[in-house]
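> have a look at this prediction, sequence included:
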Amino acid sequence: MCLGIPGQIVAITDEARMMAMAEVSGVRREVNVAPIATGTLSDVVGKWALIHVGFAMAEIDEAEAAATLEALRGLGEAQETLEAMAAGDAALEERA
Amino acid sequence: MKYADEFRDPVAAKALLDAIARVVDQIGATAEKPVHIMEICGGHTHAIFRYGLDKLTPAGIEFIHGPGCPVCVLPRSRVDECIELAERPEVIFTTFGDAMRVPGTQKSLMQAKADGADIRMVYSPLDALELARRNPDREVVFFGLGFETTTPSTALSIQQAAREGLTNFTVFCNHITVPPPIKALLDDPHMVLDGFVGPGHVSMVIGVHPYDFITKDYGKPIVVAGFEPLDLLQSVLMVLEQIRDGRAEVQNQYARVVPEHGNAVSIAAIEDVYEMRPTFEWRGLGEIDESGLRIRDQYKAFDAEEKFGIGYAAGPRDVEDPEGCACGQVMTGRMKPVMCPQFGKGCTPEMPLGALMVSSEGACAAYYQYGGARAVAAK
């Protein structure tokens, strides 16, 4: 949960809530872009970011994104994060 | 050098290791008289073990594994309070998966779920917000856990819940901050520390200046580091060079992600939603002044402690660590994990007794996984 994962912002999905679709290692996930959206919201589209627990926390360049992803894979953290994302989706549908 | 070929750039790794060895010699550090460098962040602890950096670097460097794993410093009392909340019939309790196996006095969240409590692992507090929207007749509690890296996520989620007027979403706030335990460790007369490798992603949020006290008040160097093995080696070298030169500065090796003053949006959200508690309990370190956050009065409708009358809202409590568990001594660097009588016996990653064995960022779990203990225990 602490290391985050790099993703590319591909589209704004909800302007009022500052939500955007991000592509993370081939998986699409809606994230909040407030921390990196300091100017016009649509400017974040196409950018790479470090995503922590659903929030784009820092803008990074593409090379940094690739290197970080490789480091996370080495630690087993990339897979863990993708599994956590899937678990989060499943939790929404779960019935008590 | 069995690990060196795993580096992305083995040539750069070799050059850094050679430079580290030279500076260690210049300092005159040896296995008998090592320099003590604390990596504060649990992610760094994990990377050091994963890549065998403790073995690749000279014996004159001793790594002390710091308190920067939020799951590991979570006291049993708070786990008990999570379970108390989760077992309320109206509650959907949401948590990061990392916290599921942390033992409380009676059970973990995993066991509470097996016993029928509605506990759901989520990836983000945004998932908990969505659950609250979809389940207006239930109380959705999010287990807010972590250092400054994750604090903005719950602050922004609480602000969003307030804007939407959600009345069934609360956060059980266990957010903690990095600088106070570092100060507590530096004030401990038994603790010997010569320098620090600073956390990367915490610093991405708060910037590098919150560490100024380490250099100004204690005269110790700190280098904020990235997570790639080469980042760590580079940072260790920078700490060693400062020690050799008698300097004590805050340096930023991870400037490509960490801005000097942090992330303004995140800092503003944290300051809007949270304030310092007078004191907060850390596993192994006890109560530390001004080290944990609570939700401000303005947002108390979103504070699970207030809404359900538990935790610090219910008054002081005292829960001892389990018998035979030496997490506290390991956490403060007084004991190596393998010296704990429970290590690999009463305490394994599959059946953890203490929190340091739970998370892959905990020193004990890292020793167990990468130190050969798993193979030994399997025999």
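Good, I have the coordinates.
> how far away is the residue of chain B most remote from its centre from chain A?
Each residue of chain B has a distance to the centre, and by CA atoms, centre = their mean the biggest one is for B:Asp137: 34.6 Å. B:Asp137 sits 11 Å away from chain A when distances are taken as CB to the nearest CB, to the nearest Å. No exception for glycine: its C-beta is placed from N, CA and C like everyone else's.
> same question, B:Pro179
Taking CB to the nearest CB as the measure, B:Pro179 falls 17 Å from chain A.
> coming back round to it: in which helix or strand does the residue farthest from the centre of chain B reside?
Under the criterion DSSP states H and E, no helix or strand holds B:Asp137.
> nearest to chain A: which residue in the stretch 101-250 of chain B?
B:Ser124 (2.8 Å; CB to the nearest CB).
> rewinding a little: check what pLDDT the residue farthest from the centre of chain B gets.
With respect to pLDDT, B:Asp137 has a value of 97.
> same check on B:Asp321?
Looking at B:Asp321, its pLDDT is 68.
> any low-confidence regions in the chain?
Chain wasn't specified; assuming chain A. Within chain A, the segments meeting pLDDT under 70 span A:95-96.
> you answered for a different chain; I wanted chain B.
The low-confidence ranges in chain B, as defined by pLDDT under 70, are B:1-6, B:315-321, B:372-379.
> mind listing the strands for it?
Counting by DSSP state E, the segments of chain B that form strands are B:35-41, B:61-68, B:91-95, B:119-121, B:139-146, B:169-175, B:195-198, B:222-224, B:250-252, B:274-276, B:279-282, B:286-289, B:293-295.
> for the fourth one, give me every contacting residue.
Put plainly, it is strand B:119-121. Residues from elsewhere that reach strand B:119-121, judged by CB atoms under 8 Å, 6 or more residues apart in numbering or on different chains: A:84, A:87-88, A:91, A:94, B:86, B:92-97, B:100, B:109, B:112-113, B:131.
> can you give the strand pairings for that strand, parallel or anti for each?
strand B:91-95 (parallel) (DSSP bridges).
> how much space between the residue nearest the centre of chain B and B:Glu32?
The residue lying closest to the centre of chain B (CA atoms, centre = their mean) is B:Cys69, at 2.0 Å. Separation of B:Cys69 from B:Glu32 (CB to CB, to the nearest Å) stands at 30 Å.
> same check, this time on B:Asp18
23 Å.
> any idea how far the most centrally placed residue in chain A lies from chain B?
In chain A, the residue lying closest to the centroid (CA atoms, centre = their mean) is A:Ile51, at 3.9 Å. A:Ile51 sits 9 Å away from chain B when distances are taken as CB to the nearest CB.
> quick check: closest non-adjacent residue to that residue.
Using CB to CB, 6 or more residues apart in numbering or on different chains and skipping residues adjacent in sequence, the residue nearest A:Ile51 is A:Gly7, 4.7 Å away.
> how far does stretch B:24-31 stretch from start to finish?
Using CA to CA, to the nearest Å, the span of stretch B:24-31 from its first residue to its last is 11 Å.
> let me fix that: stretch B:111-130
End-to-end distance (CA to CA), stretch B:111-130: 25 Å.
> tell me which residues in that stretch are buried?
Of all the residues in stretch B:111-130, those buried under the rule 16 or more other CB atoms under 10 Å in any protein chain shown are B:112-113, B:117-130.
> farthest pair within the residues you listed?
Using CB to CB, the pair of the buried residues of stretch B:111-130 lying farthest apart is B:Ala112 and B:Leu126, separated by 23.6 Å.
> quick check: longest helix of chain A.
Assignment by DSSP state H gives helix A:77-93 as the longest helix of chain A.
> angle of it against strand B:91-95?
170 degrees (axes from the mean of the first three to the mean of the last three CA atoms, to 10 degrees).
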